[in-house]
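Undergrad: predicted model, plus sequence, below.
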Amino acid sequence: MKQLASKLGLKVDPAIFFISAGLSLVFVIALVVAPVTIGAAFSVGRSWIVTNLGWLFILGVNVWLGFLIYAAMSRHGHIRLGKRDSRPEYSNLSWFTMLFAGGIGTVLMFWGVAEPISHYQTPPLPGVMPFTIEAAQDAISISLYHLALHTWTIFTLPGLAFAYFINRYDLPVRVSSVFYPLLREKIHGPIGKTIDIASILGTLFGVAVSLGLGASQVAAGLSALFGWSDSTLLRLMILGSLTAVATLSIMAGLDKGIRFLSNLNIGMAVGLMVFVLVFGSSLFLLRGVVETFGLYLSNLPRLAFWNDMLHGEGMGTGDWGWQGDWTVFYWTWTVTWSPFIGLFVARISRGRTIREFVFGVLLAPSLFTVIWFAIFGWQAMEMDGLGQLARAAMGPAAGNISSAVTESVPLAMFAFFEELPWTPVMQGLAILIVAIFFATSSDSASLVVDMLSSGSATAGPVRQRVFWGLAEGLIAATLILLAGEAGLTALQEVITVVGLPIFLLVCLMIPSLIRGFAAEDIDHVTIGKRPALSEFDQNTPEEPASVSAPAPKA
C-alpha cells in the first residue's frame, strides 16, 4: 500500500486511506445492489439501539454538557489550545462564521420552518392538542432543544479534545490522538487505525445523508420557483453543481475558499432573517425573540432529561414512539458528524483558551439558533394560524404551511416565502443559501477527512483533497440515482448503527481529557506567582517596589 500511495503522489497513512476508501466503495455497491435487504438488516440494529440504549444517548449528551461547563469554569479554563504564546489565527467573526457554516447551517435552513410546524400540528408531548398555543410553545422549545446547546455540545466535546491533544501534545491530526493518555503508543497501531477508519466512514456517510437532504431542498425550491419537475435528474444535476463548487473551494484551501464561502453565506442568512423580521409581523416577532429565550431556558431541564417513558405503547413493549424517531435519531446522526466538526473547529481554534473555546462554540451558534427559530418558527405558525381562534377566523387560509410540511418537508421553507413579499427573489436567495451551506459543509468535511487520512494539519496534495470531496458527492449521487428513496432510508438506518461506536468513543474522551488536565502545571502555566501581602506593604509613593512580571498565561 505504501508503494501505491507513493505512485499516486499521496501523502497519507496508506492503511487508513485505502481501507477507508475500499470499505466506502464496498458498502455503496452493496447498498445499490440490495438496498432493501441492507436497510432491513440495519433497521433491526437501529431498532435495538433506540429501544435499549436511547436513554444512554440522552443521558450522555447531558453529561457531556456538564463536563464542558466544568472544564471552562475550572482553573483549567485558562489553558491555551496550543503553545503557551500562541494566539488565535482568525478573528472572532470569521471563526464564528466558519464553525457555524461548517456545522448546522444547512440544517437550520432545512428545519427552520419545518420542525416547529411539524411539532405544532403533531405535538410530541402527551396531553397537548394540535394547533393550540401550548402546542406552539412546545414546538419552539423542542426545536431549540434539538438544534441549540445540545447539538453544539456534541460538536464541542470532540473539538476540545482534538484541539487540546493535537495542539498541545503535538500529536497527529487523528481521532486516535485524543486517546493518548489511555492508549499511549497504541494510537499508532491497529487500535488507533481502527478508530480513525471508523471516524472517516462515519463522517462520509453522515455528510452524505445531509447532502441528500440538501439536494432535496434545493430541488424543491427550484420546483416551486420555476415549476420544474422535482425529479431524480434534477437532484443529480444539483449534486453535481454543488460538488463542483465545494471542490473548487477545497482546491482554494481553508483561508481563501472555506472562509470566503462561510462569511458570504452567514451574511446572506442574516439578511434573509432580517427580511422576515421586517416584512413579517415585526412587533410580534420582536416580542417572540425575547419570549423564546425564556421558553427555551425554562423548558430545557425537562426536555433534556425526557425519555418518553410514559409513551402508551412503550410502557408495555419498550417502544420509544416519537422520541426514538426524533431525538435519539438526531443524536446518533449528529454524533457521526462530531469527528468532522470537532476536528474542523479544533483546526480553526488554535491559540484560544479552553474557556474561550467552550463558551464560543457552545453559546455563539446557540444564540443565533434561538433567534433564527424565534423568527422563522413563530412567523410560520402565525401564517398557518396561531391557536384555535385564529385558525377559525382565517377560515380556508389556515393550514397552508402545515399542509406543505405534510406534503414535503423540503418544500416548507419555500411555501413559507409564498406568504411574504418578493416571493421569487426570496425563494431564489433561499436556494442560494442552502446551496452554499451545502458546499461549505462538503468542503469542510473533505478537509477534515483529508487530515484524518494524512495525520497532518497541513493541507495534502490537491488530488488528495479533491478525492474526498468527490467521494462525498458520489456517495449521495449514487444512492439517489440507483437506490432511490430506499437507499437514503437504508443509509439513515446505517447512520444510527454507526453512531453507537462513535458515541462511545466520545464518552471516552472525557476521562482522557481529565488525565490530560491533571498533568498540567496549572500554577506555572496559567497563573504565575501570587504576590504576598508583605510585598504590597513595601510599596510606598516615594519608593515604588519593583514587581516582577507574572508568568505568561496559557
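TA: That came through fine.
Undergrad: I'd guess Ala72 is in a helix, am I close?
TA: Yes: under DSSP: H, G, I helix; E, B strand; the rest coil, Ala72 sits within a helix.
Undergrad: list the contacts for it?
TA: Contact partners of Ala72, counting by Cβ atoms under 8 Å, 6 or more residues apart in numbering, are 354-355, 357-359. From N, CA and C alone the C-beta is placed, and that goes for glycine too.
Undergrad: most neighbours, which of those residues?
TA: Phe357 (29 neighbours; other Cβ atoms under 10 Å).
Undergrad: show me where the stretch 451-554 of the chain has its helices.
TA: Along the stretch 451-554 of the chain, counting by DSSP state H, counting those that start in this stretch, helices occupy 462-478, 484-518, 522, 533-537.
Undergrad: ugh, wrong one, I meant the stretch 201-350 of the chain
TA: 232-253, 259-279, 282-304, 314-317, 322-325, 327-347.
Undergrad: chain center to the first one: distance?
TA: By that I understand helix 232-253. Between the centre of helix 232-253 and the centre of its host chain there is 20 Å, according to Cα atoms, centre = their mean, to the nearest Å.
Undergrad: any idea of the angle it forms with helix 462-478?
TA: With axes from the mean of the first three to the mean of the last three Cα atoms, to 10 degrees defining the directions, helix 232-253 sits at 160 degrees from helix 462-478.
Undergrad: burial measure for Leu500, as a count.
TA: Neighbours of Leu500 using other Cβ under 10 Å come to 19.
Undergrad: how near is it to Ile401?
TA: According to Cβ to Cβ, to the nearest Å, Leu500 and Ile401 sit 36 Å apart.
Undergrad: same question, Gly214
TA: Counting by Cβ to Cβ - Gly214 and Ile401 are separated by 21 Å.
Undergrad: swap in Asp325?
TA: Per Cβ to Cβ, Asp325 is found 21 Å from Ile401.
Undergrad: which one's more surrounded, these two?
TA: The residue with more neighbours, out of Asp325 and Ile401, is Ile401; 27 against 12, by other Cβ under 10 Å.
Undergrad: pLDDT wise, what is that one at?
TA: At Ile401, the pLDDT value in this model is 94.
Undergrad: now do the contacts for Thr423.
TA: Thr423 neighbours (Cβ under 8 Å, 6+ apart): Phe417.
Undergrad: same check, this time on Thr122
TA: Pro130.
Undergrad: could you pull up phi and psi at it?
TA: phi -130, psi 80 (degrees, to the nearest 10).
Undergrad: again, but for Pro88
TA: Taking degrees, to the nearest 10 as the convention, Pro88 sits at phi -60, psi 140.
Undergrad: kindly report the same for Gly112.
TA: phi -60, psi -40.
Undergrad: name the element the residue lying closest to it once chain neighbours are set aside belongs to?
TA: Of all residues not flanking Gly112 in the chain, Phe376 sits nearest, at 4.1 Å (Cβ to Cβ, 6 or more residues apart in numbering). Using DSSP states H and E, Phe376 sits in helix 354-384.
Undergrad: Leu68 against Phe155, yeah?
TA: No: if you go by Cβ atoms under 8 Å, Leu68 and Phe155 don't touch, sitting 10.6 Å apart.
Undergrad: that older thread, if you compare the helices of the stretch 201-350 of the chain, which one is most tucked away?
TA: helix 327-347 (a mean of 26; mean count of other Cβ atoms under 10 Å).
Undergrad: now do the buried residues in the strand or helix carrying Lys193.
TA: Secondary structure assignment for Lys193, by DSSP H and E: helix 190-226. For helix 190-226, the neighbour count (16 or more other Cβ atoms under 10 Å) marks 192-193, 195-225 as buried.
Undergrad: next: stretch 178-185.
TA: Applying 16+ other Cβ under 10 Å to stretch 178-185 flags 178-181, 183 as buried.
Undergrad: tell me the one of those residues nearest Leu504?
TA: Phe179 (11.8 Å; Cβ to Cβ).
Undergrad: how close does the residue nearest to the closest one when sequence neighbours are not counted get to Pro190?
TA: Spatial nearest neighbour of Phe179, chain neighbours left out: Ser512 (5.5 Å); criterion: Cβ to Cβ, 6+ apart. Relative to Pro190, Ser512 is positioned 19 Å away (Cβ to Cβ).
Undergrad: with Ala439 instead?
TA: Relative to Pro190, and taking Cβ to Cβ, Ala439 is found at 36 Å.
Undergrad: swap in His76?
TA: 32 Å.
Undergrad: likewise Asn299?
TA: For Asn299 relative to Pro190 (Cβ to Cβ), the value is 46 Å.
Undergrad: repeat that for Thr156.
TA: Thr156 is 29 Å from Pro190, by Cβ to Cβ.
Undergrad: run through the stretch 151-300 of the chain and note the low-pLDDT ranges.
TA: 250, 252-259, 261 (pLDDT under 70).
Undergrad: run a quick neighbour tally on the residue nearest to Phe179.
TA: 19.
Undergrad: ditto for Ile19
TA: Neighbours around Ile19, by other Cβ under 10 Å: 18.
Undergrad: for it, which non-adjacent residue is closest in space?
TA: Ile197 (5.5 Å).
Undergrad: the one you found reaches Gly22, doesn't it?
TA: No: using Cβ under 8 Å, Ile197 is not in contact with Gly22; the gap is 10.0 Å.
Undergrad: run through the residues that contact Ala435.
TA: Counted by Cβ under 8 Å, 6+ apart, Ala435 has contacts 214, 218, 238, 241-242, 245.
Undergrad: oh, that last question was meant for Pro14, not what I typed.
TA: Contacts of Pro14 (Cβ under 8 Å, 6+ apart): 1-2, 4-5.
Undergrad: of all the residues you listed, which two lie farthest apart?
TA: Lys2 and Leu4 (7.3 Å).
Undergrad: low-confidence ranges, this structure, go.
TA: 99-105, 250, 252-259, 261, 311-319, 457-460, 482-492, 521-554.
Undergrad: and for Arg84, the neighbour number?
TA: 14.
Undergrad: try the one 3 residues further on
TA: The number of residues packed near Arg87 is 10, by other Cβ under 10 Å.
Undergrad: excluding chain neighbours, give the residue nearest to it in space.
TA: Closest to Arg87 by Cβ to Cβ, 6+ apart is Gly351, at 4.6 Å.
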